[in-house]
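*Asks:* Sequence plus the predicted model coming up.
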Amino acid sequence: MSSSQLNLAYLLPPSWKADIPRWFHEDTPSFDWAGLVVGEEEQEAVLWAKSGGVLAGVPFFEEIFKHVDCSVEWLYPEGHVLPDNSKTKVAIVRGKARQLLLGERVGLNMLARCSGIASVSKQFKDIATESGWTGTVAGTRKTTPGFRLVEKYGMMVGGIDPHRHDLSSMVMLKDNHVWASGSITEAVKTVRRAAGFSLKVTVECQSYEEAGEAIEAGADIVMLDNMVGEDLQGCARRLKKEYGKEGKGREFLIESSGGVVESGLVGRIGPDIDILSTSAVHQSVQHVDFSLKIQPKKKTASTPASTANVADSPA
C-alpha cells in the first residue's frame, strides 16, 4: 500500500490539536478589526491552488476551520498531485464570513508549507526510484521549532521517511558526542547501558576508520557525513565487504548525509548505501501557492420602481 493510499492522519498523536489554538493566538492576539466589516453571514469560500504540487496537510486544515466553526469539502484527496500552470479548485470551505477570514491565513500558511515539503519529498523519492535504487530517502530533524509535526507529516505524504522525530526516538551520536566522551567506542558503550535493545544507535563518521570502530562497538547505523563520489561509494563498499555478511557478519546500515541536494542525489546513490538523509526536502522549499476566496452572492433581479408604478396606477 502506497503512502497516498494510507490515511496518515491516523498517525497523529492525541495532543496535536492543541497546536491549533496557539496558531490562532499568534495570528489574532487581540481585536479582529477587519472582522467588523464582514459580519457573520453564511458564506462559501473556494480554496484555489495557483501552482502545482502535492496536496498535503488536510487534517490540519480541517481542524483549523473546525476551530472557527467552519466545514471543509475536499475536491481532491490528500497526496493528489495538483497540475502546474493552471488554477485548480481544491476545496470549498463553508461558514460565517468573519470566521472564514479568521481561519484563512492560518490555514493557507500551514497548507502551503506542508504541501511544499510533500512536493519536494516526492521529487527526491521519484529520482531515487527511477534510478533503480531501493534504499530509503529520509528527511532530518532540522525542522521549524513548534512546527515539526506538520513538516514531518508533509515528508510522509510525499513518500519519504521522516527520520527521527526527536532526540528520544533514536540515538544519534554526532562528532560533539564523540569528542566529549573521548571515543566512538566509549560513546556507544555508554549509551547502550541506558538505551537498551529497543533503540537504534547511529554514529556520525568522517572516515572509514571511524565507521569501522562504530560497527565494532555495536552501532546499528553508520552515517558517512559529507562524503561524496568514489570516497563515499568506495568507503561503503569496503565496509560492507569487511564487516557485512561476507566479512565479520555484522548487521548494520550505511547512511549518507550532508549536502544532499536534488541535483546531486544520483551521485550519492549506490548499491552499498542504505539511507540518504537530507534537509533539502524541508528547509527553504518552495511553497505551493494557495488562496481562499469568498464567493460573491448572486444579486436577485428586482422590478424597476418606474415599471411598478405604471402597473399599479389606475387606468
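*Replies:* Structure's in. What do you need?

*Asks:* can we go C-alpha only for contacts and neighbour counts from here?
*Replies:* Noted.

*Asks:* Pretty sure Ile92 sits in a strand.
*Replies:* Yes. Per DSSP: H, G, I helix; E, B strand; the rest coil, Ile92 lies within a strand segment.

*Asks:* which ones are touching it?
*Replies:* Neighbour list for Ile92: 44-47, 72-75 [criterion: CA atoms under 8 Å, 6 or more residues apart in numbering].

*Asks:* In the residues you listed, which residue is surrounded by the most others?
*Replies:* Leu47 (23 neighbours; other CA atoms under 10 Å).

*Asks:* quick one, phi/psi of that one?
*Replies:* Dihedral pair for Leu47: phi -90, psi 120, per degrees, to the nearest 10.

*Asks:* Give me the distance between it and Ile275.
*Replies:* Note on Leu47: its distance to Ile275, by CA to CA, to the nearest Å, is 37 Å.

*Asks:* buried residues in stretch 288-299?
*Replies:* In terms of neighbour count (16 or more other CA atoms under 10 Å), stretch 288-299 has its buried residues at 288-292, 294.

*Asks:* what does that stretch rub up against?
*Replies:* For stretch 288-299, contacts defined as CA under 8 Å, 6+ apart pick out 43-53, 97, 104, 108, 111-113, 115-116.

*Asks:* Check stretch 169-185 too.
*Replies:* Taking CA under 8 Å, 6+ apart as the rule, stretch 169-185 contacts 164, 187-188, 195, 199-205, 210, 213-214, 217.

*Asks:* Also stretch 189-202?
*Replies:* Residues from elsewhere that reach stretch 189-202, judged by CA under 8 Å, 6+ apart: 169-173, 188, 217, 219-223.

*Asks:* quick one on the thing from earlier: pick out the most distant pair among the buried residues of stretch 288-299.
*Replies:* Within the buried residues of stretch 288-299, two members stand farthest from each other by CA to CA: Val288 and Ile294, at 20.0 Å.

*Asks:* related to what we said a few turns ago, adding pLDDT, distance to Lys87 and secondary structure as columns, could you present the contacts of Ile92 in CSV?
*Replies:* Formatted as CSV, the contacts of Ile92 follow (pLDDT from 0 to 100; distance: CA to CA, whole Å; DSSP: H, G, I helix; E, B strand; the rest coil):
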residue, pLDDT, distance to Lys87, secondary structure
Glu44, 97, 18, strand
Ala45, 98, 15, strand
Val46, 98, 12, strand
Leu47, 98, 10, strand
Val72, 98, 19, strand
Glu73, 98, 18, strand
Trp74, 98, 16, strand
Leu75, 98, 14, coil
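
*Asks:* Make JSON lines from those and add distance to Ile20 to it.
*Replies:* Shown next, in JSON lines, are these (distance: CA to CA, whole Å):
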{"residue": "Glu44", "distance to Ile20": "22"}
{"residue": "Ala45", "distance to Ile20": "20"}
{"residue": "Val46", "distance to Ile20": "21"}
{"residue": "Leu47", "distance to Ile20": "19"}
{"residue": "Val72", "distance to Ile20": "16"}
{"residue": "Glu73", "distance to Ile20": "19"}
{"residue": "Trp74", "distance to Ile20": "20"}
{"residue": "Leu75", "distance to Ile20": "23"}
